[in-house]
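Trainee: Give me a 3D structure for the following:
(4 chains)
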There are 4 protein chains.
Amino acid sequence: MTAPQPLTAGRVFEAGGRLAAESARFTGFGWMRGTSGNLSEVVTREPLRLAVTASGLDKGELTASDVAVVDPQGDPVAVEGVPPLVPSAEAGLHARVAALTGAGAVVHVHALNAVVAGHRWPGGVLLRDVETLKGIGRLAHDDEVVIPVIRNSQDMAELGDWFEAAYDPRTPAVIVASHGLYAWGSDLKKARHVTECVEWLLSYALAVG
Amino acid sequence: MTAPQPLTAGRVFEAGGRLAAESARFTGFGWMRGTSGNLSEVVTREPLRLAVTASGLDKGELTASDVAVVDPQGDPVAVEGVPPLVPSAEAGLHARVAALTGAGAVVHVHALNAVVAGHRWPGGVLLRDVETLKGIGRLAHDDEVVIPVIRNSQDMAELGDWFEAAYDPRTPAVIVASHGLYAWGSDLKKARHVTECVEWLLSYALAVG
Amino acid sequence: MTAPQPLTAGRVFEAGGRLAAESARFTGFGWMRGTSGNLSEVVTREPLRLAVTASGLDKGELTASDVAVVDPQGDPVAVEGVPPLVPSAEAGLHARVAALTGAGAVVHVHALNAVVAGHRWPGGVLLRDVETLKGIGRLAHDDEVVIPVIRNSQDMAELGDWFEAAYDPRTPAVIVASHGLYAWGSDLKKARHVTECVEWLLSYALAVG
Amino acid sequence: MTAPQPLTAGRVFEAGGRLAAESARFTGFGWMRGTSGNLSEVVTREPLRLAVTASGLDKGELTASDVAVVDPQGDPVAVEGVPPLVPSAEAGLHARVAALTGAGAVVHVHALNAVVAGHRWPGGVLLRDVETLKGIGRLAHDDEVVIPVIRNSQDMAELGDWFEAAYDPRTPAVIVASHGLYAWGSDLKKARHVTECVEWLLSYALAVG
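Mentor: So this is what the prediction gives:
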């Protein structure tokens, strides 16, 4: 049994700086148009607390303090020295993903091809025999991979239930239909790599499918 | 009844600096090829005066002083300390949009997919049940959104009339067929976000439609 | 009758600096892959002398001195203080374009959509009723514009003859089939704007045609 | 018979710096998503030793020391002063390409259009009568060029055999189906240019084919 980890403003802002840098990267890819999308990092596991990008801001212009801390329900948690910003409305799903998958970071972006793929294959996107599958922890040969597609909802509890029902522990991504992509990894850099590979795979599937 | 706001060179150049920065951003997106497109900000509401990007310049290279001030007809207005540049020919439509919608900033870009969508759906582009609709102030579910498409004209009064006839107060964008996109918001950053979201939505509509 | 203009190393390198900057821009657009494409500026009109990008270099990495001076046949001309670099093999066509059209600058890029459009419409690309036509000096309404498409050749004299036969003084661009795009303007910035607008128009034609 | 060349840490890190710069460039093109792809340079020819990008790292963030040295089988070789990093699993194929072709540098990227082209033309991609073929050392006219497509494998010896069977000394690139592109040149800059031109040619083939 681990001792509770200290949840300090310093750790929150360190996470915020990383979230800001990755958000700027994804904005450059065109995956966070307007103020869409949000990123999170687990800052403590017990109790589960996530640093998540604040709501309503341009994701290409975030600073380390444009961050909120949330609990497993996505509700704000007060941390001394951290001004209380409104977390993304989707923070509850981030927390659910982190709790269920054990991920240390979660990426949610409105990558166009992910939404197009979700529209084309509402039952899930089948991928098989592509080298880039190794980039999401699967095999390049003879491994049937399905990126689940779940319906969209504004109710994070409902969305979380659908996510949980569709979740395959071997596959670190899910498409929310008519909405965007969720992808995750052990840390934020790994989550970035998974996101990039899934988007590549979905673009490939659309091009040849 | 509000007192008249002072219209100073300083305020005009501050607006010009913001217009230049946003123009450079949209140029980077490929939405202002050649010297196409123009952006404006309302600098005073009563009387209505807009700072609008000057005509004929590369939109990736503007400076804060590459700006003209216009009245509700798009005609130049002299401001002490502001060298008189030629406003964009489309300044009259910017002013009409600002007057009718109450917007604080108007973006006009030649985003390729907007013009392609206007060609494909000359009666308007129907969007429904997409999360990104929230980025333009609409609902992600069960909300029928139509981006109006109006005919192109070189007569800004005529174009303004068509805009007014097609205008739906709930929808902050209109496509001018064979020409480009107009989008607006309460301030320039909001207008940027709306523009980005509309372009994403139109690209999505083309991809799945 | 004008006096002969002095052809100094300084003027050549000034032109070379502008050619390098524009080449880097077009490289960023993906229009000068490998070492493809070349740009030129007229440095003296009588006799006709052009500064043209040197052959075989990466167009994203040019410096002001990566430039050669050529005569109307595209043959190198010695200029004191200018190290003799090999001009692009296509310099002869640049000179022919400058002589025939009166352009002050010529852009030749391997923009993918221009070559695709040339393949799709080998008899010329018809454009009409598009606002962006104003960016190449034509009308937005009721003006039938044809971007000529000529066959490819390694013989610049032959290519020049075909260019001359296809040339319409109202249209500042021509596609060389299976090869790339030539566009021109009164100076290099204007040639850039024309190139950008033509590429946009060809992309639009492909998307809706 | 040449004297053995000295294999120093300095030469390895010089190569590593060049590999890092090119990797960042290709990452910017979207051709090295996640941690995919790898680049190499021959540092000594006798015995054959390659500097190859280290495994599992983000290719947009490499430094000069993120490099491993391998022998013709792709196995790590100790070099004094060079910390032993794990070479890319594909280092064995890089070495095989360098040995067979005499190339001084090898590029392997997951360029989407290359994989799409390999899917569309599993027997090889036929290219003919395109100017950009000159960028890979072929002719712009009447020269039938086939970019070979070989099957994917995780066994570098097997992949190497297939590569050798498909190899045409006139063509400096091969597609590994469902995987990515290999391209090479006398040095790293030339390999970059070949890679760019091949990708352009494959994109063109897909657009018109």
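
Trainee: What are the boundaries of the strands in chain A?
Mentor: Ranges of strands in chain A, per DSSP state E, are A:38-44, A:49-53, A:67-70, A:105-109, A:125-127, A:145-147, A:149-150, A:173-176, A:180-185.

Trainee: can you put those strands in a markdown table and add mean neighbour count, mean pLDDT and distance to chain B?
Mentor: For glycine as for every other residue, the C-beta is placed from the backbone atoms N, C-alpha and C. Formatted as a markdown table, these follow (neighbours: other C-beta atoms under 10 Å in any protein chain shown; pLDDT from 0 to 100; distance: least, C-beta to the nearest C-beta, whole Å):
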| stretch | mean neighbour count | mean pLDDT | distance to chain B |
| --- | --- | --- | --- |
| strand A:38-44 | 26 | 98 | 12 |
| strand A:49-53 | 28 | 98 | 15 |
| strand A:67-70 | 26 | 98 | 19 |
| strand A:105-109 | 29 | 98 | 10 |
| strand A:125-127 | 19 | 98 | 14 |
| strand A:145-147 | 21 | 98 | 17 |
| strand A:149-150 | 23 | 98 | 13 |
| strand A:173-176 | 26 | 98 | 8 |
| strand A:180-185 | 26 | 98 | 7 |
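
Trainee: Adding distance to chain C, write those strands out as CSV.
Mentor: Listed next are the strands of chain A as CSV, based on distance: least, C-beta to the nearest C-beta, whole Å:
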stretch, distance to chain C
strand A:38-44, 27
strand A:49-53, 29
strand A:67-70, 33
strand A:105-109, 23
strand A:125-127, 26
strand A:145-147, 28
strand A:149-150, 28
strand A:173-176, 26
strand A:180-185, 25
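
Trainee: how about the helices in chain A?
Mentor: A:9-28, A:91-101, A:112-120, A:156-166, A:188-208 (DSSP state H).

Trainee: Number of residues surrounding A:Trp200?
Mentor: 23 (other C-beta atoms under 10 Å in any protein chain shown).

Trainee: gap between the residue lying closest to it once chain neighbours are set aside and D:His110?
Mentor: Once flanking residues are discounted, A:Trp200 sits nearest to D:Arg33: 4.6 Å by C-beta to C-beta, 6 or more residues apart in numbering or on different chains. Going from D:Arg33 to D:His110 by C-beta to C-beta, to the nearest Å gives 6 Å.

Trainee: Quick check: phi and psi at A:Glu61.
Mentor: Main-chain torsions, A:Glu61, degrees, to the nearest 10: phi -130, psi 20.

Trainee: So what's the residue count around it?
Mentor: 13.

Trainee: What score does the nearest residue to it once chain neighbours are set aside have for pLDDT?
Mentor: For A:Glu61, ignoring the flanking residues on the chain, the nearest one in space by C-beta to C-beta, 6+ apart is A:Ala24 at 7.7 Å. pLDDT, A:Ala24: 98.

Trainee: One more: A:Gln5?
Mentor: Reported pLDDT for A:Gln5: 70.

Trainee: mind listing what's buried in stretch A:83-91?
Mentor: A:Leu85, A:Pro87, A:Ser88, A:Glu90, A:Ala91 (16 or more other C-beta atoms under 10 Å in any protein chain shown).

Trainee: Let me have those in CSV, extended by distance to chain D and pLDDT.
Mentor: Formatted as CSV, the buried residues of stretch A:83-91 follow (distance: C-beta to the nearest C-beta, whole Å; pLDDT from 0 to 100):
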residue, distance to chain D, pLDDT
A:Leu85, 29, 95
A:Pro87, 28, 94
A:Ser88, 25, 90
A:Glu90, 24, 95
A:Ala91, 26, 97
